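Asks: the following comprises the amino acid sequence and a computationally predicted model.
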Amino acid sequence: MSKCACGEKNVLIFACSGAADVGSLSDRVARKLTKDGKGKMYCTAAVGANIPEKIAPIKAATDIVTIDGCSAFCAKKILENAGFAPKSYNLEVLGFIKGKTEVNNEAIDKAAASISL
């Protein structure tokens, strides 16, 4: 039996996981936050696909967080289109530039430290 990574709070984390370097970084940051017990990464694509059994658990979340790599805010928009109001983080605002960001442990740690959950 696996232990919930989110402790007492039910924090769901959605990353844009886009094709650009900052999309990859958003994915890696969400995975780090999950590993660190800050919340649980959840499938953004399933929400966009409107899969009912994947959307139902989101309604029980105490916090919904999106991590987007750029100003397109894809993850945030997917959640909003599904009727949710996520707390939104954008890596571009945190200083990571699309097309110019190396995805490494230093960048992952820096981005993760800038996200308060």
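Replies: Noted; the coordinates are in hand.
Asks: distance between the helix or strand of the chain with the lowest mean pLDDT and the chain's centre?
Replies: None of the helices or strands of the chain scores lower by mean pLDDT, DSSP states H and E than helix 52-55, at a mean of 95. Put simply, helix 52-55 sits 17 Å off its chain's centre (CA atoms, centre = their mean, to the nearest Å).
Asks: name the surrounding residues that touch the longest helix anywhere in the chain.
Replies: Looking across the chain with DSSP state H, the single longest helix is helix 21-35. By CB atoms under 8 Å, 6 or more residues apart in numbering, the residues outside helix 21-35 that reach it are 5, 13-18, 39-41, 67-70, 75, 91-92, 96-103, 107-109, 111-112, 115, 117. The way it works is simple: take the backbone N, C-alpha and C, and place the C-beta from them, glycine included.
Asks: let me see the mean pLDDT of it.
Replies: Taken as a whole, helix 21-35 has a mean pLDDT of 98.
Asks: which parts of it are buried?
Replies: 21-34 (16 or more other CB atoms under 10 Å).
Asks: same check, this time on stretch 64-82
Replies: Going by neighbour count (16+ other CB under 10 Å), the buried part of stretch 64-82 is 64-70, 72-79, 82.
Asks: what's the closest of those residues to residue 56?
Replies: The closest of the buried residues of stretch 64-82 to residue 56 turns out to be residue 82 (CB to CB; 11.2 Å).
Asks: sec struct for residue 108, please.
Replies: State at residue 108, reduced to three classes by DSSP: H, G, I helix; E, B strand; the rest coil: helix.
Asks: can you pull out the helices in this structure?
Replies: Going by DSSP H, the chain shows helices at 21-35, 44-48, 52-55, 74-81, 105-113.
Asks: closest to residue 45 out of the buried residues of stretch 64-82?
Replies: Distances from residue 45 to the buried residues of stretch 64-82, taken as CB to CB, are shortest for residue 78 (8.4 Å).
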